[in-house]
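**Student:** what's the 3D shape of this:
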Amino acid sequence: MKMQAEVIREGELEKRSDSLFQLWKKKLVVLTKDSLSLFPDGHKRAKGKELGFGSILKVDCVERTGKYIYFTIVTKDRKEIDFRCPDQSCWNASITMALIDFQNKRAIQDFKSRQELEQAAGAQERRLARAP
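**Tutor:** Numbering: from 1, shown residues only. Take a look at the predicted model:
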């Protein structure tokens, strides 16, 4: 059973569709410490799309107009997903900060894992060196 992640922020964002006309569609967005989930038509009951932070490279192309902030999420496979939000909502900043926090925690975990492996390998070498 999957545990419910702590919600950092929940609200509405507009996503540009991949269709020929590239229309802006409103999505209910749930930001957690591990992912950004998008739900169609503002209902969490519907099947949502989850963008795990492990698959996101960066938040890019922030542009302000009078009414909106436009930004792009770039995935590790170089797919670009365009969003816009009302100027004062700062969704781009919330997503960026959560992504940076995730990436920092992942880097610390990776460092500690490498350190533990190196210590274990060093201990093994010392044991072998002492063996008759």
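**Student:** which secondary structure elements does the helix or strand of the chain with the lowest mean pLDDT contact?
**Tutor:** The least trusted helix or strand in the chain, going by mean pLDDT, DSSP states H and E, turns out to be helix 91-130, with a mean of 87. Counting contacts by 3 or more Cβ pairs under 8 Å, 6 or more residues apart in numbering; DSSP states H and E, helix 91-130 is packed against strand 7-16, strand 24-32, strand 56-64, strand 68-75, strand 80-86. Bear in mind the C-beta positions are built from the backbone N, C-alpha and C, glycine included.
**Student:** If we use 6 Å, what do you get?
**Tutor:** strand 7-16, strand 56-64 (3 or more Cβ pairs under 6 Å, 6 or more residues apart in numbering; DSSP states H and E).
**Student:** Find the nearest non-adjacent residue to residue 27, please.
**Tutor:** Counting by Cβ to Cβ, 6 or more residues apart in numbering, residue 38 is the residue found nearest to residue 27 once chain neighbours are left out, at 4.5 Å.
**Student:** If you count neighbours, what's buried in the helix or strand that neighbour falls within?
**Tutor:** For residue 38, the element it lies in under DSSP states H and E is strand 35-40. Under the neighbour-count criterion of 16 or more other Cβ atoms under 10 Å, strand 35-40 has 35-39 buried.
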